[in-house]
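S.K.: Got a predicted structure here, sequence first:
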Amino acid sequence: MRVYTVIAIYLAIINLIGFVVMGIDKNRAKKRAFRIPEATLFTMAIIGGSIGTILGMHIFRHKTRHWYFLYGMPVILILQIIIVIVLVMGPFRISII
């Protein structure tokens, strides 16, 4: 299996998990049950699930009143995009065997 395929599968899974976690936390918030820590939600975004968490945030209307989520999640996504561009277009090549 090629490296790009593995990365694409990882990103699909982690974004799906990020989306589901936002939905679960919203459901728990409605029921006033034990919540998922905000640090966990940010960790999901940082490890690659930023698109899923942003989609979950807006679809479930969850954490949209918190400025650090409203602006922090897109900043994480933009930084991840910049990192990918630098790695792909940069003067150096990363070779994974």
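M.R.: Cool, the structure landed.
S.K.: List of residues touching the helix or strand bottoming out on mean pLDDT in the chain?
M.R.: Counting by mean pLDDT, DSSP states H and E, the chain has its least confident helix or strand at helix 72-89, which shows a mean of 89. Residues outside helix 72-89 that contact it (CB atoms under 8 Å, 6 or more residues apart in numbering): F42, A45, I46, G48, S50, I51, T53, I54, M57, I94. (Glycine included, C-beta is placed from N, CA and C.)
S.K.: For those residues, work out which two are farthest apart.
M.R.: Greatest spatial distance among those (CB to CB): M57 and I94, at 31.2 Å.
S.K.: Between these two, point out the one with more neighbours.
M.R.: M57 (24 against 8; other CB atoms under 10 Å).
S.K.: Next up, the contacts around that one.
M.R.: Counted by CB under 8 Å, 6+ apart, M57 has contacts M22, K63, T64, F69, M73.
S.K.: Can you list which of those residues are found in helices?
M.R.: M22, F69, M73 (DSSP state H).
S.K.: For the residues you listed, give me a markdown table that also has neighbour count.
M.R.: Formatted as a markdown table, those follow (neighbours: other CB atoms under 10 Å):
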| residue | neighbour count |
| --- | --- |
| M22 | 28 |
| F69 | 20 |
| M73 | 27 |
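S.K.: That'll do, ta.
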